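Colleague: Just to be clear, the model below is a prediction. Sequence and coordinates:
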Amino acid sequence: MKTNDYVKYVTQQFVSYVDTPSEKRKEMRQERKANKLPFAYKWFGLLPYAIGQMFNSKKKR
């Protein structure tokens, strides 16, 4: 990507961000936060989740 194209892309993204109402930006930010995966699952896969479930099931007995 040439520098000119990059500047054009960044400018378009910035203008679309500024044109979006602040309420909608806040709403979109909340949706992104709600859809995030937990840190351990994101970085280490299913293994920490499985171990956590194993310990939680032992505590309930």
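Modeller: Sure, I can see it.
Colleague: Which elements pack onto the helix or strand of the chain at the bottom of the mean pLDDT ranking?
Modeller: Ranking every helix and strand in the chain by mean pLDDT, DSSP states H and E puts helix 39-44 at the bottom, with a mean of 77. Here helix 39-44 touches helix 46-60, going by 3 or more CB pairs under 8 Å, 6 or more residues apart in numbering; DSSP states H and E. Any C-beta I mention is one placed from the backbone N, CA and C, and that applies to glycine too.
Colleague: quick one: average pLDDT of the helix it packs on?
Modeller: For helix 46-60, mean pLDDT is 80.
Colleague: Give me the distance between the longest helix seen in the chain and the centre of its chain.
Modeller: Criterion DSSP state H: the longest helix present in the chain is helix 3-19. Its chain's C-alpha centre and that of helix 3-19 lie 22 Å apart, by CA atoms, centre = their mean, to the nearest Å.
Colleague: neighbours of the residue lying closest to Pro48 once chain neighbours are set aside, just the number please.
Modeller: In space, and not counting its chain neighbours, Pro48 is closest to Ala40: 4.1 Å by CB to CB, 6 or more residues apart in numbering. Per other CB atoms under 10 Å, the neighbour tally for Ala40 reads 14.
Colleague: gap between Ala40 and Ser57?
Modeller: 18 Å (CB to CB, to the nearest Å).
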